[in-house]
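>>> got a structure for you, letters missing:
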């Protein structure tokens, strides 16, 4: 979501610049402010996603569960299995 929001705000910023340069439209700072806020919100969402992933991996490691569970142990020294 953060990456999508950042990309959309960058596209919006390019549209604002293009409108100002090619068509002379100027709205006294509102579009620039909106694009800036959207971009910073997108960057914050990206950072929160990275932190969340990191904390999730720490949580899985702290539980100290084994990677696999042994269902049955076969012992080659078992006398009943020798012929």
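Cool, the structure landed. Fair warning: this is a prediction, and the values are worked out from it, not measured in the lab.
>>> From here on, just use CA atoms for contacts and neighbour counts.
Will do.
>>> Does residue 71 fall in a helix, a strand, or a coil region?
The three-state assignment at residue 71 reads coil, by DSSP: H, G, I helix; E, B strand; the rest coil.
>>> Can you check what pLDDT the model gives it?
For residue 71, the pLDDT comes out at 80.
>>> Just give the number of residues close to it.
5 (other C-alpha atoms under 10 Å).
>>> for this structure, which helix is longest?
In the chain, with assignment by DSSP state H, the single longest helix is helix 30-62.
>>> Now find how far off-centre the helix or strand of the chain with the lowest mean pLDDT is within its chain.
Taking mean pLDDT, DSSP states H and E as the measure, helix 2-18 is the helix or strand of the chain with the lowest mean score, a mean of 86. Averaging C-alpha positions (C-alpha atoms, centre = their mean, to the nearest Å) puts helix 2-18 19 Å from its chain's average.
>>> do the same with stretch 27-35
Using C-alpha atoms, centre = their mean, the offset of stretch 27-35 from its chain centre is 28 Å.
>>> Stretch 19-30 too?
Distance, centroid of stretch 19-30 to centroid of chain: 34 Å (C-alpha atoms, centre = their mean).
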